[in-house]
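**Q** Test case, fold it:
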Amino acid sequence: MESDSCFSLLHASLANSSRNPLSASVLLIEAAAHCLSNPVRLRLILFWTLLVLLSIAWCYASPLLNLHTSSKRKFFHFAISAVYVSGIVFDFEFLCVAAVCALIAFVISEVKASSRVQKDK
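**A** Numbers count the residues shown, from 1 in each chain. This is a model prediction of the structure:
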(Lines give C-alpha, C1' and ligand atoms only; values in the text may rest on other atoms or scores of the structure.)
Protein backbone atom coordinates (compact mmCIF):
# COMPACT_ATOMS: atom_id res chain seq x y z
CA MET A 1 0.00 0.00 0.00
CA GLU A 2 1.40 3.38 -1.00
CA SER A 3 0.33 5.26 2.13
CA ASP A 4 2.02 2.67 4.37
CA SER A 5 5.38 3.42 2.78
CA CYS A 6 4.83 7.16 3.35
CA PHE A 7 4.23 6.44 7.05
CA SER A 8 7.17 4.06 7.25
CA LEU A 9 9.53 6.61 5.64
CA LEU A 10 8.35 9.31 8.05
CA HIS A 11 8.68 6.97 11.02
CA ALA A 12 12.17 5.89 9.95
CA SER A 13 13.32 9.49 9.54
CA LEU A 14 12.04 10.41 13.00
CA ALA A 15 13.64 7.33 14.55
CA ASN A 16 17.02 8.07 12.92
CA SER A 17 17.01 11.80 13.60
CA SER A 18 18.70 11.45 17.00
CA ARG A 19 21.40 9.09 15.66
CA ASN A 20 22.37 10.68 12.36
CA PRO A 21 20.83 14.01 11.30
CA LEU A 22 22.09 13.64 7.73
CA SER A 23 20.42 10.28 7.15
CA ALA A 24 17.23 11.63 8.73
CA SER A 25 17.29 14.54 6.28
CA VAL A 26 17.72 12.18 3.35
CA LEU A 27 14.81 10.03 4.57
CA LEU A 28 12.62 13.12 4.97
CA ILE A 29 13.43 14.19 1.42
CA GLU A 30 12.62 10.69 0.16
CA ALA A 31 9.32 10.72 2.08
CA ALA A 32 8.40 14.11 0.60
CA ALA A 33 9.30 12.97 -2.91
CA HIS A 34 7.25 9.82 -2.46
CA CYS A 35 4.23 11.75 -1.23
CA LEU A 36 4.48 14.26 -4.07
CA SER A 37 4.71 11.54 -6.72
CA ASN A 38 1.04 10.72 -6.15
CA PRO A 39 -1.21 13.01 -8.27
CA VAL A 40 -4.03 12.96 -5.68
CA ARG A 41 -1.66 14.09 -2.95
CA LEU A 42 -0.21 16.77 -5.19
CA ARG A 43 -3.71 18.11 -5.89
CA LEU A 44 -4.49 18.07 -2.17
CA ILE A 45 -1.32 20.05 -1.42
CA LEU A 46 -2.19 22.59 -4.12
CA PHE A 47 -5.75 22.93 -2.78
CA TRP A 48 -4.52 23.30 0.80
CA THR A 49 -1.96 25.89 -0.33
CA LEU A 50 -4.73 27.83 -2.07
CA LEU A 51 -6.74 27.80 1.17
CA VAL A 52 -3.72 29.07 3.12
CA LEU A 53 -3.19 31.90 0.64
CA LEU A 54 -6.88 32.81 0.77
CA SER A 55 -6.71 32.84 4.57
CA ILE A 56 -3.72 35.18 4.50
CA ALA A 57 -5.53 37.44 2.04
CA TRP A 58 -8.58 37.34 4.31
CA CYS A 59 -6.44 38.53 7.25
CA TYR A 60 -5.42 41.60 5.29
CA ALA A 61 -8.83 42.27 3.70
CA SER A 62 -11.06 41.82 6.75
CA PRO A 63 -9.96 45.02 8.56
CA LEU A 64 -10.70 46.99 5.40
CA LEU A 65 -14.20 45.51 5.30
CA ASN A 66 -14.86 46.29 9.00
CA LEU A 67 -16.07 42.75 9.73
CA HIS A 68 -16.92 41.45 13.17
CA THR A 69 -14.62 38.91 14.78
CA SER A 70 -17.21 36.15 14.39
CA SER A 71 -17.37 36.78 10.64
CA LYS A 72 -13.60 36.48 10.43
CA ARG A 73 -13.61 33.21 12.36
CA LYS A 74 -16.30 31.71 10.12
CA PHE A 75 -13.98 31.97 7.12
CA PHE A 76 -11.22 30.12 8.99
CA HIS A 77 -13.70 27.45 10.12
CA PHE A 78 -14.71 27.01 6.48
CA ALA A 79 -11.07 26.76 5.37
CA ILE A 80 -10.08 24.16 7.97
CA SER A 81 -13.26 22.18 7.28
CA ALA A 82 -12.39 22.18 3.58
CA VAL A 83 -8.90 20.88 4.40
CA TYR A 84 -10.17 18.04 6.56
CA VAL A 85 -13.12 17.03 4.38
CA SER A 86 -10.96 16.93 1.25
CA GLY A 87 -8.30 14.93 3.10
CA ILE A 88 -10.82 12.45 4.48
CA VAL A 89 -12.47 11.95 1.10
CA PHE A 90 -9.34 11.65 -1.06
CA ASP A 91 -6.45 10.40 1.11
CA PHE A 92 -7.01 9.89 4.83
CA GLU A 93 -3.49 8.63 5.59
CA PHE A 94 -1.90 11.65 3.93
CA LEU A 95 -4.20 13.91 5.94
CA CYS A 96 -2.92 12.24 9.12
CA VAL A 97 0.71 12.78 8.11
CA ALA A 98 0.02 16.41 7.17
CA ALA A 99 -1.82 17.02 10.45
CA VAL A 100 1.09 15.63 12.47
CA CYS A 101 3.57 17.77 10.51
CA ALA A 102 1.41 20.87 11.09
CA LEU A 103 1.14 20.07 14.81
CA ILE A 104 4.92 19.73 15.07
CA ALA A 105 5.38 23.07 13.29
CA PHE A 106 2.87 24.77 15.62
CA VAL A 107 4.51 23.34 18.74
CA ILE A 108 7.96 24.45 17.59
CA SER A 109 6.71 27.96 16.81
CA GLU A 110 4.94 28.22 20.19
CA VAL A 111 8.05 27.07 22.06
CA LYS A 112 10.13 29.69 20.23
CA ALA A 113 7.53 32.39 20.88
CA SER A 114 7.23 31.55 24.57
CA SER A 115 11.00 31.53 25.00
CA ARG A 116 11.15 35.03 23.52
CA VAL A 117 8.43 36.24 25.90
CA GLN A 118 10.26 34.84 28.93
CA LYS A 119 13.50 36.54 27.87
CA ASP A 120 11.73 39.91 27.55
CA LYS A 121 10.47 39.83 31.16
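
**Q** middle-most residue in this protein, spatially?
**A** residue 102 (3.7 Å; Cα atoms, centre = their mean).

**Q** Tell me which helix or strand that residue sits in.
**A** helix 92-120 (DSSP states H and E).

**Q** Please spell out which residues along that helix are buried.
**A** 93-95, 97-98 (16 or more other Cβ atoms under 10 Å). Backbone N, C-alpha and C define where each C-beta goes, glycine included.

**Q** Next: stretch 61-80.
**A** 75, 79.

**Q** Including distance to residue 71 and pLDDT, could the buried residues of helix 92-120 go into a markdown table?
**A** Shown next, in a markdown table, are these (distance: Cβ to Cβ, whole Å; pLDDT from 0 to 100):
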| residue | distance to residue 71 | pLDDT |
| --- | --- | --- |
| 93 | 35 | 87 |
| 94 | 31 | 88 |
| 95 | 27 | 91 |
| 97 | 32 | 85 |
| 98 | 27 | 88 |
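
**Q** Among those, which one lies nearest to residue 56?
**A** Of all the buried residues of helix 92-120, residue 98 has the smallest distance to residue 56: 18.2 Å, by Cβ to Cβ.

**Q** For that closest one, give me its contacts.
**A** By Cβ atoms under 8 Å, 6 or more residues apart in numbering, the contact list for residue 98 reads 48, 87.
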